[in-house]
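Undergrad: Coordinates for the following, if possible.
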Amino acid sequence: MTALLPRPGVLDISPYQGGRSKLDGVAHAAKLSSNEGALGASPRARAAYLAVAAELHRYPDGASEDLRIAIGKRYGLDPARIVCGCGSDELIGLLVHAYVGPGDEVLYSQYGFAMYPIYAKGYGATPVKAPEKNLTTDVDAVLASVTEKTRIVFIANPNNPTGTLLPVSEMKRLRDGLRPDILLVIDAAYAEYVTRNDYSPGAELVDAGENTVMTRTFSKIYGLGGLRVGWCYAPASIADVLNRVRSPFNVTAAAQAAAAAALEDTQFFDLCLAHNQMWRPWLTEEIRKLGFEVTESVCNFLLVHFAPGDRAKAEAALTAKEVIVRPVAGYGLPDALRISVGTEEENRRVVAALAEVKEGAA
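TA: All right, here's what the predicted structure looks like:
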């Protein structure tokens, strides 16, 4: 018998590994491995989620109309050009599905999100990495990596797992340097954490033409990672394509209700942003005082670097204090750990664990 085989490229995929979520024998470990919101979800979002319980037998609104209107109001965007998805991951996958095929290339920066090459391989395309400079997307390197086969360029801005960003001027230079038939996807999952005045999530680049999409998520500052809800802002023609290829009820009723309520709770949003603005610099400084290198981050996490052989010791010390962090060897950073900004108690636990590592090495 002939074996049933998937599309070429699928078996070359190494499955995505999410951040570890449990420690054996520990009921409530500090989970700082997935960049989730340190303060959880808005009280209004939780209430809206519970309110849907009586209607669980009903299908959700397939168009996510109320949520799209709420997003448009919050960010000053046209709801007709917003498409919602099961996390921004789904929308990234749908863009590859709609615009990429065998023989095409998907281009992304060296330390970009791991799902970009996974989706590319899944549809028979070739993923291509452009080298970064100082753990930051290098526009010149991206443009130099473009070939006649390039169909999509993914830029996570800010980037995960490095926490670095490109200013708006560099993103515009990148868009201007790409052919009109190349789709630029700006993955702005961490945009809400950025307060620099030289940054933009990318809506103005979407509005400037027909070949740029901005993706966003409710999984980070809004604290709704467990509900899997994201969105994108796109030219009308691309929004139309996404609505043709997405599943008919891809965002649950509970997710739509909670996300819309989270957008309205600006007081809780401000609290989450203020928490991150306070504790990210504190955590950065305290870890640097111990002698470890920390990449300057604009997100809700830090990339901490260790001497060869010390990364495992650091992870073990953190585990001993019931803290879960994220190794990033899969991104080509074998001597680094990504550590989310947590609550005050969790952040202090991180510093105490790393201090023990430093003392042991002395």
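Undergrad: Please make it C-alpha for all contacts and neighbour counts, starting now.
TA: Will do.
Undergrad: Verify the stated contact: residue 102 with residue 123.
TA: Yes. Counting by C-alpha atoms under 8 Å, residue 123 is a contact partner of residue 102 at 6.7 Å.
Undergrad: who has more neighbours, those two?
TA: Taking other C-alpha atoms under 10 Å, residue 102 and residue 123 do not tie; residue 123 has more neighbours (22 against 15).
Undergrad: Compute the number of surrounding residues for residue 334.
TA: Neighbours around residue 334, by other C-alpha under 10 Å: 16.
Undergrad: and if you look at residue 288?
TA: 14.
Undergrad: How about the contacts made by it?
TA: residue 294 (C-alpha atoms under 8 Å, 6 or more residues apart in numbering).
Undergrad: do you know how far it is from residue 306?
TA: Look at residue 288 and residue 306: by C-alpha to C-alpha, to the nearest Å, they are 11 Å apart.
Undergrad: can you check residue 201 too?
TA: Taken as C-alpha to C-alpha, the span from residue 201 to residue 306 is 31 Å.
Undergrad: same check, this time on residue 60
TA: 47 Å.
Undergrad: before we move on, what about residue 100?
TA: 38 Å.
Undergrad: And those two? Which one has more around it.
TA: residue 100 (22 against 18).
Undergrad: Please report phi then psi for the more buried one.
TA: phi -130, psi 150 (degrees, to the nearest 10).
Undergrad: Surely it touches residue 126?
TA: No. With contact defined as C-alpha under 8 Å, residue 100 does not reach residue 126; the gap is 9.7 Å.
Undergrad: overlap in contacts of those two?
TA: With C-alpha under 8 Å, 6+ apart as the test, residue 100 and residue 126 both reach 106, 120.
Undergrad: what's the span of stretch 176-192, first residue to last?
TA: With C-alpha to C-alpha, one end of stretch 176-192 sits 25 Å from the other.
Undergrad: what do you get for stretch 244-262?
TA: 28 Å.
Undergrad: Okay, helices next: where are they in the stretch 151-300 of the chain?
TA: Secondary structure of the stretch 151-300 of the chain (DSSP state H, counting those that start in this stretch): helices at 168-177, 203-207, 236-245, 253-264, 266-289.
Undergrad: Next, the buried residues of the last one.
TA: To tie it back to what came earlier, the one meant is helix 266-289. For helix 266-289, burial by neighbour count (16 or more other C-alpha atoms under 10 Å) applies to 268-269, 272-273, 275-277, 279-281, 283-284, 286-287.
Undergrad: and what of the second one?
TA: Of the residues in helix 203-207, those buried under the neighbour-count criterion (16+ other C-alpha under 10 Å) are 203, 205-207.
Undergrad: Between those, which sits nearest residue 228?
TA: Nearest to residue 228 out of the buried residues of helix 203-207 is residue 203 (C-alpha to C-alpha; 22.2 Å).
Undergrad: Excluding residues flanking it in the chain, which one is nearest residue 10?
TA: The shortest distance from residue 10 to any non-neighbouring residue, by C-alpha to C-alpha, 6 or more residues apart in numbering, is to residue 122 (5.0 Å).
Undergrad: count of neighbours near that neighbour?
TA: 22.
Undergrad: pretty sure it contacts residue 14?
TA: No. Counting by C-alpha under 8 Å, residue 122 sits too far from residue 14 to count as a contact (10.8 Å).
Undergrad: who touches residue 136 in this structure?
TA: Residues near residue 136 by C-alpha under 8 Å, 6+ apart: 159, 162, 164-166.
Undergrad: partner residues bridging it?
TA: When assigned by DSSP bridges, residue 136 has beta-bridge partners residue 133.
Undergrad: Point to the residue nearest the middle of the protein.
TA: Closest to where the C-alpha atoms of the chain average out (C-alpha atoms, centre = their mean) is residue 189, at 4.4 Å.
Undergrad: Could you pull up phi and psi at that one?
TA: Dihedral angles of residue 189 (phi, psi; degrees, to the nearest 10) stand at phi -60, psi -30.
Undergrad: what's the spacing between residue 197 and residue 226?
TA: From residue 197 over to residue 226 (counting by C-alpha to C-alpha), the distance is 31 Å.
Undergrad: what's the neighbour count on residue 66?
TA: For residue 66, using other C-alpha under 10 Å, the count is 14.
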